[in-house]
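Novice: sharing a model that was predicted from the sequence below.
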Amino acid sequence: MNLITAPSTIELDKNFSVFLAGSIEVGVAKRWQDIVIQELSNEKVTLLNPRRDSWDQSWKQTIDDPVFNKQVNWELEALEKSDMIIMYFDKNTKSPITLLELGLFAKIGKLIVCCPDGFWRKGNVDIVCERYGVQQVMSLNELVREIKERIQ
């Protein structure tokens, strides 16, 4: 497995690449990305993980903040370049950026979504997925299984 985390340069190899989109809200969302990384550690896959340990809540979320700007552009580039996007909505979060990314990438055919019961906008997510033919799974384990199947 090859792991690329923000804000590292995105240089994809010949491996199947997967962007880990989903809930990141620090202190609220479970660290689901760590589970996916562990489960795929022995696979021939490149994972693009936007979660960074050096995140600083004091960064201004404006286009003029160079660190914030770099993070958002890194995520957009990684989403565009990846072969597959998995998206996990933690039911304890609001995940506004993940909802934005769902809207941006629902029509491109490389998205698989897990939105558990209890997520505050599950109905919206389900309708968007149904309308645009986005595959949905019921658990994080199923997301991992889908990646493993695609790698084969």
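Specialist: Arrived safely, thanks for sending.
Novice: doesn't residue 34 lie inside a helix?
Specialist: Yes - Residue 34 forms part of a helix when assessed by DSSP: H, G, I helix; E, B strand; the rest coil.
Novice: buried ones in stretch 81-101, by neighbour count?
Specialist: 82, 84-90, 93-95, 97-99, 101 (16 or more other Cβ atoms under 10 Å). From N, CA and C alone the C-beta is placed, and that goes for glycine too.
Novice: hang on, residue 10 packs against residue 47?
Specialist: No - in this structure, residue 10 is not within contact of residue 47 by Cβ atoms under 8 Å, at 11.7 Å.
Novice: looking at those two, which has the bigger crowd around it?
Specialist: Set side by side, residue 10 and residue 47 show more neighbours around residue 47, with 24 against 16, by other Cβ atoms under 10 Å.
Novice: which SS class is the more buried one?
Specialist: strand.
Novice: returning to that earlier point: closest to residue 140 out of the buried residues of stretch 81-101?
Specialist: residue 88 (6.2 Å; Cβ to Cβ).
Novice: helix or strand: which one has the residue most central in space within the chain?
Specialist: With distances taken as Cα atoms, centre = their mean, the residue of the chain nearest its centroid is residue 21 (0.9 Å). Assigned by DSSP states H and E, residue 21 falls within strand 16-22.
Novice: ok, that strand: who's next to it in the sheet?
Specialist: strand 45-49 (parallel), strand 84-88 (parallel) (DSSP bridges).
Novice: which one of those strands lies closest to residue 35?
Specialist: strand 84-88 (9.5 Å).
Novice: and the closest one, how far out from the chain middle?
Specialist: 5 Å (Cα atoms, centre = their mean, to the nearest Å).
Novice: can you add mean pLDDT and distance to residue 146 and give the strands paired with strand 16-22 back as CSV?
Specialist: Converted to CSV, those look like this (pLDDT from 0 to 100; distance: least, Cβ to Cβ, whole Å):
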stretch, mean pLDDT, distance to residue 146
strand 45-49, 98, 12
strand 84-88, 98, 7
